[in-house]
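> show me how the following folds:
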Amino acid sequence: MLRICFFLFTLFLLISCKKTSNNLELVTAKKDSTIAEVNAGTVGHIETQKLKYSKEDFDFVLKEREDANWHPNGVLVMKCNYLPNYNDIGNILFYIFSKSGALKWQEKMDSFTEAAADKELERIKKLSLDEFKKEFEVYAFIIDKQYIEDTPEGPYQKDIYKKELYHRNDNDVWKKVDSFEVKERNDFIIEREWSKKKLAEVIK
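Numbers count the residues shown, from 1 in each chain. Next comes the predicted model:
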């Protein structure tokens with residue numbers, strides 16, 4: 001009888017250990033799988049953010065600054081519409097201001113005569129791209145080309161779209177700051193207010 005009890009007790013321990021081992025293996029496998037999925041998602045997210053638009057895409061547009069115009073609040077504004085043979089990004093609206101501060105630059109421009117202000121604008125337009133980047137902060141509102149459709153009259157922006165704000169940092173890397181989705185036709189009014197608010201936050 002004692003032998004039978006001992007045998008049953010030993011068998012119970014072996015079965016319990018096996019179940020515990022299997023459970024640990026399942027938990028470990030699930031944990032490893034979750035970590036792999038998170039890491040894969042993180043890497044994918046970083047690559048999407050990094051590769052959506054390249055530095056060369058932005059440089060291609062920024063190097064031509066003939067249509068850059070001085071606007072109030074100490075900023076230069078440059079708009080680039082999407083044309084398949086010219087711009088691979090979409091509709092871009094650059095806001096550019098001096099690294100010394102937008103308000104300081106505005107004060108300087110306000111103190112100039114009209115001829116002197118025009119001369120300063122011409123100087124800025126003729127800067128090399130590297131010189132330009134050293135002197136100015138650059139932000140860009142972008143509506144991606146996927147939201148632009150070809151028509152017989154030319155490219156037109158769709159009623160439903162996403163607008164994104166990007167910034168070029170001192171390492172010459174473009175990062176997305178924020179975005180706003182226009183999901184209904186009337187949302188474009190809210191989008192305009194969002195754009196103004198975002199611009200007020202970054203232009204100093």
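
> show me where pLDDT drops low in the protein?
Along the chain, segments meeting pLDDT under 70 span 1-51.

> all strands in it, in order from the N-terminus.
Secondary structure of the chain (DSSP state E): strands at 69-71, 75-80, 90-98, 136-144, 148-151, 154-157, 161-168, 174-182.

> run through who's touching the shortest one.
Going back to what we said before, that points to strand 69-71. Leu76, Val77, Met78, Met109, Ala117, Leu121 (CB atoms under 8 Å, 6 or more residues apart in numbering). Using the backbone N, CA and C atoms, a C-beta is placed for each residue, glycine as well.

> hmm, try it at 10 Å
By CB atoms under 10 Å, 6 or more residues apart in numbering, the residues outside strand 69-71 that reach it are 75-79, 95-96, 105-106, 109, 117-118, 120-121, 124.

> which one of the residues you listed sits closest to Glu137?
Checking these against Glu137 with CB to CB, the nearest one is Ile96 at 7.0 Å.

> sorry, back to before: wait, which of the contacts of strand 69-71 is closest to Glu149?
Using CB to CB, the contacts of strand 69-71 come closest to Glu149 at Lys79, 19.1 Å.

> for that closest one, what are its contacts?
By CB under 10 Å, 6+ apart, the contact set of Lys79 is Asp67, Ala68, Asn69, Asn91, Ile92, Leu93, Phe94, Phe141.

> just the buried residues from those residues, in PyMOL please.
To isolate the buried members of the contacts of Lys79 in PyMOL, using 16 or more other CB atoms under 10 Å:
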select buried, resi 68+91+92+93+94+141
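
> same list, the contacts of Lys79, but as CSV with distance to Ser54 please.
Shown next, in CSV, are the contacts of Lys79 (distance: CB to CB, whole Å):
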residue, distance to Ser54
Asp67, 22
Ala68, 22
Asn69, 26
Asn91, 18
Ile92, 14
Leu93, 19
Phe94, 16
Phe141, 18
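
> partners of the residue nearest to the spatial centre of the chain in the sheet?
For the chain, the residue nearest the mean C-alpha position is Lys176 (1.9 Å; CA atoms, centre = their mean). Here Lys176 shows beta-bridge partners Tyr166, assigned using DSSP bridges.

> surely it touches Tyr53?
Yes. With contact defined as CB atoms under 10 Å, Lys176 counts as touching Tyr53 (9.2 Å).

> can you pull the residues that touch both of those two?
Common neighbours of Lys176 and Tyr53 (CB under 10 Å, 6+ apart) are Ile142, Glu164, Tyr166.

> just give me the closest of those to Leu129.
So of those, ranked by how close each gets to Leu129 (CB to CB), first place is Tyr166, at 16.9 Å.

> ok, that closest one touching Lys198?
No. Tyr166 lies out of contact with Lys198 (CB under 10 Å); the separation is 11.1 Å.

> overlap in contacts, these two.
The contact sets of Tyr166 and Lys198 overlap at Tyr139, Phe141, Val177, Asp178, Ser179 (CB under 10 Å, 6+ apart).

> and the fourth one, how many neighbours does it have?
What that stands for is Asp178. Here the number of neighbours of Asp178 (other CB atoms under 10 Å) works out to 14.
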